[in-house]
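In: what's the 3D shape of this:
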Amino acid sequence: MSENFISYKGKPLVRCKNEIYYGDMTEAFVIKFTILSEDNEGEPNKIKVNLLKSDTTLSDKDRVVKETTKDTMFEALDFGFVWLERALKS
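Out: Reported below is the predicted structural model:
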């Protein structure tokens with residue numbers, strides 16, 4: 001893992017505009033968070049969570065394994081962490 005990235009529970013978090021990727025692209029799966037809306041203070045209040053296959057040769061549609069929407073970043077991170085850990089164990 002590069003020292004240039006912020007990490008959460010030992011895996012990198014990389015943000016590009018309204019998208020945040022969580023996980024290592026050399027592993028089979030990663031999580032993608034898409035911030036759909038923010039409150040008046042700039043806090044995300046609607047976040048789409050996708051468990052994705054890391055294989056970028058697949059179409060975007062074929063990469064999606066699971067998807068949900070959450071109301072807080074904490075909730076989204078919690079779901080993403082659990083999904084990623086379970087997917088990487090299987």
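In: Please count neighbours and contacts with C-alpha atoms only from this point.
Out: Noted.
In: Which residue ranges of the protein form strands?
Out: With DSSP state E as the criterion, the chain has strands at 6-8, 11-16, 19-22, 29-38, 44-53, 64-70.
In: Can you redo the ones you listed as TSV, where the extra columns are mean neighbour count?
Out: Formatted as TSV, the strands of the chain follow (neighbours: other C-alpha atoms under 10 Å):
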stretch	mean neighbour count
strand 6-8	13
strand 11-16	16
strand 19-22	19
strand 29-38	21
strand 44-53	21
strand 64-70	15
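In: Distance to A76 and mean pLDDT added to the ones you listed, as JSON lines?
Out: Compiled in JSON lines, those are given as follows (distance: least, C-alpha to C-alpha, whole Å; pLDDT from 0 to 100):
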{"stretch": "strand 6-8", "distance to A76": "13", "mean pLDDT": "85"}
{"stretch": "strand 11-16", "distance to A76": "13", "mean pLDDT": "90"}
{"stretch": "strand 19-22", "distance to A76": "11", "mean pLDDT": "95"}
{"stretch": "strand 29-38", "distance to A76": "8", "mean pLDDT": "97"}
{"stretch": "strand 44-53", "distance to A76": "6", "mean pLDDT": "97"}
{"stretch": "strand 64-70", "distance to A76": "6", "mean pLDDT": "97"}
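In: Can you say which of these is nearest to S90?
Out: Proximity to S90 (C-alpha to C-alpha) singles out strand 29-38 among the strands of the chain, at 10.8 Å.
In: Which elements pack onto that closest one?
Out: Packed against strand 29-38 by the contact rule (3 or more C-alpha pairs under 8 Å, 6 or more residues apart in numbering; DSSP states H and E) you find strand 19-22, strand 44-53, helix 73-89.
In: Out of these, which gets nearest to V65?
Out: Among these, strand 44-53 sits nearest to V65 (C-alpha to C-alpha), with 5.4 Å.
In: any idea how far the residue lying closest to G80 once chain neighbours are set aside lies from N45?
Out: Of all residues not flanking G80 in the chain, I31 sits nearest, at 6.0 Å (C-alpha to C-alpha, 6 or more residues apart in numbering). Plainly put, I31 is 18 Å away from N45 if you go by C-alpha to C-alpha, to the nearest Å.
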